[in-house]
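Novice: just the structure for this:
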Amino acid sequence: MRAALCAAALAIGLTGCAGPVERWIVDTRVHQGDSALARGSLHDAATAYRLALHVSPTDPRARAGFLNASGSIADADFRTGNYDDALATITAAQKYDPTNVRLQALRSQIDDARLKRAIVVSNYPTYRAAAAEIQTAFNALRAQNTLIVHSLHRFAYTYDTQDLTRAIEDSYELQRQIARDTNRLIIYRQLVQSGVPATEKAAATAVSGSLLPLP
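Specialist: Numbers count the residues shown, from 1 in each chain. Okay, here's the model as predicted:
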């Protein structure tokens with residue numbers, strides 16, 4: 001009997017503390033979100049606000065902060081071409097405010113861009129593969145640049161001119177790669193603007209043709 005009374009008393013005590021504890025958690029998470037937002041750490045801010053919403057889904061501060069951070073994240077993903085990530089962020093945020101004007105406008109922009117892409121790819125299916133190849137080529141430039149930086153880093157410790165020689169040779173190769181990739185990029189733009197399919201012949205011309213001036 002005594003054990004039962006103690007258990008009941010403990011339950012009452014915990015229940016009475018639930019409100020203040022939840023409020024403290026929400027206030028703490030919202031403060032963390034505000035601080036992260038002020039630092040420009042959008043993802044950290046969104047996480048903090050979302051944790052606050054898990055405790056109190058109707059808290060106006062947590063909602064406003066989460067929508068603000070999510071909108072900025074989605075906008076950044078949209079501007080860098082990460083449409084799928086942007087849509088996922090928008091969808092998560094719209095659960096708390098389906099009529100948010102900013103999120104609706106951004107979703108509309110993404111839908112329009114995806115529709116345009118679908119039309120172009122359906123008419124010119126080789127465009128996607130050609131664009132992916134060019135993007136891969138430009139990503140490879142980072143590796144070449146890394147070699148140069150490593151040689152310079154070694155020289156800073158050894159002062160061995162062979163390291164500088166390697167850096168110069170890699171720099172020349174980087175310039176040649178940039179010239180080739182820029183040439184391919186310019187020709188690809190011309191193909192897209194003119195509506196000509198990106199055939200294998202065009203791709204070969206983009207690689208071996210004479211260098212065109214930068215746009």
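Novice: going forward, measure contacts and count neighbours with C-alpha atoms only.
Specialist: OK.
Novice: residue 57: what secondary structure?
Specialist: What DSSP: H, G, I helix; E, B strand; the rest coil gives for residue 57 is coil.
Novice: tell me the pLDDT at residue 81?
Specialist: Predicted confidence (pLDDT) for residue 81: 85.
Novice: domain ranges for the chain, per the record?
Specialist: As assigned by automatic domain parsing, the chain contains the domains 2-122, 125-208.
Novice: now those domains in JSON lines, with mean neighbour count?
Specialist: Formatted as JSON lines, these follow (neighbours: other CA atoms under 10 Å):
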{"stretch": "domain 2-122", "mean neighbour count": "17"}
{"stretch": "domain 125-208", "mean neighbour count": "15"}
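Novice: give the other helices and strands that the helix or strand harbouring residue 137 contacts.
Specialist: Using DSSP states H and E, residue 137 falls within helix 126-158. Secondary-structure packing of helix 126-158 (3 or more CA pairs under 8 Å, 6 or more residues apart in numbering; DSSP states H and E): helix 161-194.
Novice: and the angle from the helix it packs on to helix 126-158?
Specialist: 160 degrees (axes from the mean of the first three to the mean of the last three CA atoms, to 10 degrees).
Novice: pull the CA atoms of stretch 165-183 into PDB?
Specialist: Taking C-alpha atoms only, stretch 165-183 is exported to PDB below (Å, rounded to 0.1, in the frame of the first residue of the first chain):
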ATOM      1  CA  THR A 165      59.000  22.400 -61.000                       C
ATOM      2  CA  ARG A 166      56.200  19.900 -60.400                       C
ATOM      3  CA  ALA A 167      53.900  22.800 -59.500                       C
ATOM      4  CA  ILE A 168      54.700  24.600 -62.700                       C
ATOM      5  CA  GLU A 169      54.300  21.500 -64.900                       C
ATOM      6  CA  ASP A 170      50.900  20.700 -63.200                       C
ATOM      7  CA  SER A 171      49.900  24.300 -63.600                       C
ATOM      8  CA  TYR A 172      50.600  24.100 -67.400                       C
ATOM      9  CA  GLU A 173      48.500  20.900 -67.500                       C
ATOM     10  CA  LEU A 174      45.700  22.600 -65.600                       C
ATOM     11  CA  GLN A 175      45.700  25.400 -68.100                       C
ATOM     12  CA  ARG A 176      45.400  23.000 -71.000                       C
ATOM     13  CA  GLN A 177      42.600  21.100 -69.300                       C
ATOM     14  CA  ILE A 178      40.800  24.400 -68.600                       C
ATOM     15  CA  ALA A 179      41.200  25.400 -72.200                       C
ATOM     16  CA  ARG A 180      39.800  22.100 -73.500                       C
ATOM     17  CA  ASP A 181      36.900  22.100 -71.100                       C
ATOM     18  CA  THR A 182      36.100  25.700 -71.800                       C
ATOM     19  CA  ASN A 183      36.000  24.900 -75.500                       C
END
